[in-house]
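S.K.: Turn this into a model:
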Amino acid sequence: MIRYLQLALIPCFLAVHVVGDSNEVTVPAVRVVRLQVDYRNASVSDLQKIHKWNAIMRNSVLASLKFINKHWLICGGSPSDTPTSSNADCGKAQVTGEIVGDRHYRINVTLIAERDPVKNAKVGATSTVYAVAHIGLKGGIFQYTNALKTLGKPEPKLAFDEAFFCYRGATLVDTDKCRKERRLRDSPLLDAVDTPIPIANLLAL
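M.R.: Reported below is the predicted structural model:
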């Protein structure tokens, strides 16, 4: 199960705006999305026989995300990131698997994502993170990628959640913005977070 997301490793604020004449600074909040892919006819008993299954499954899903992000820029990051950076393959994504029932297996994917609408990497088209992930699901990238064959065919619709949150010391306002009162001795809003934030708090939807 996903328990923590280390925000100290994720520079994800896009711009800084001074609000009026006050000492408050507002920046876009971090967008976290969670995708869940269900396999209801999986060979669950065979998973324990696959050496390092969790690592294989995670790498397989990350390869699927990298394929999506190659065409649609869904992975979130800072303005300084380039298409060749680790962000380009959703390298900060957390991937876990869980056995739900005798034949039911679920893959959970949690990642920092760009705001909708996301852009096409080659043409001037736009879409949403959910839409392009769903297209990928229908295209089979969560079905026949490497060892995922043992899970069989996934459900035709994936579950999708999103949430917005702020670094420590800032307050979420207007649903998707972070506000921090600026004082002379305050450190920058982009200070690293030393303490992991429970993922349950981020995705309490």
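
S.K.: ok, and the closest non-adjacent residue to residue 164?
M.R.: Sequence neighbours aside, residue 29 is the residue nearest to residue 164 in space, at 3.9 Å (criterion: CB to CB, 6 or more residues apart in numbering). C-beta: built from backbone N, CA, C; applies to glycine.

S.K.: Tell me, please, where in this structure the pLDDT is lower than the cut-off.
M.R.: 1-23, 77-89, 144-146, 181-205 (pLDDT under 70).

S.K.: ok, which stretches of it are helices?
M.R.: In the chain, the segments counted as helices under DSSP state H are 44-47, 53-71, 129-139, 199-202.

S.K.: For residue 38, find the nearest of those helices.
M.R.: Smallest distance to residue 38 across the helices of the chain (CB to CB): 10.5 Å, for helix 129-139.

S.K.: So which bits of the closest one are buried?
M.R.: 129, 130, 132, 133, 134, 136, 137 (16 or more other CB atoms under 10 Å).

S.K.: Tell me the one of those nearest residue 109?
M.R.: Once CB to CB is applied, the member of the buried residues of helix 129-139 that ends up nearest residue 109 is residue 133, at 8.6 Å.

S.K.: if we can go back for a sec, let me see the contact set for the residue nearest to residue 164.
M.R.: Shown in contact with residue 29 (CB atoms under 8 Å, 6 or more residues apart in numbering): 164, 165, 166, 172, 176, 177, 178.

S.K.: Among the residues you listed, which one sits closest to residue 100?
M.R.: residue 165 (27.0 Å).

S.K.: isn't the closest one right next to residue 112, touching?
M.R.: No - with contact defined as CB atoms under 8 Å, residue 165 does not reach residue 112; the gap is 10.5 Å.

S.K.: So which of these two has more stuff around it?
M.R.: Neighbour count, other CB atoms under 10 Å: between residue 165 and residue 112, residue 112 has more, with 22 against 19.

S.K.: Thanks a lot, see you next time.
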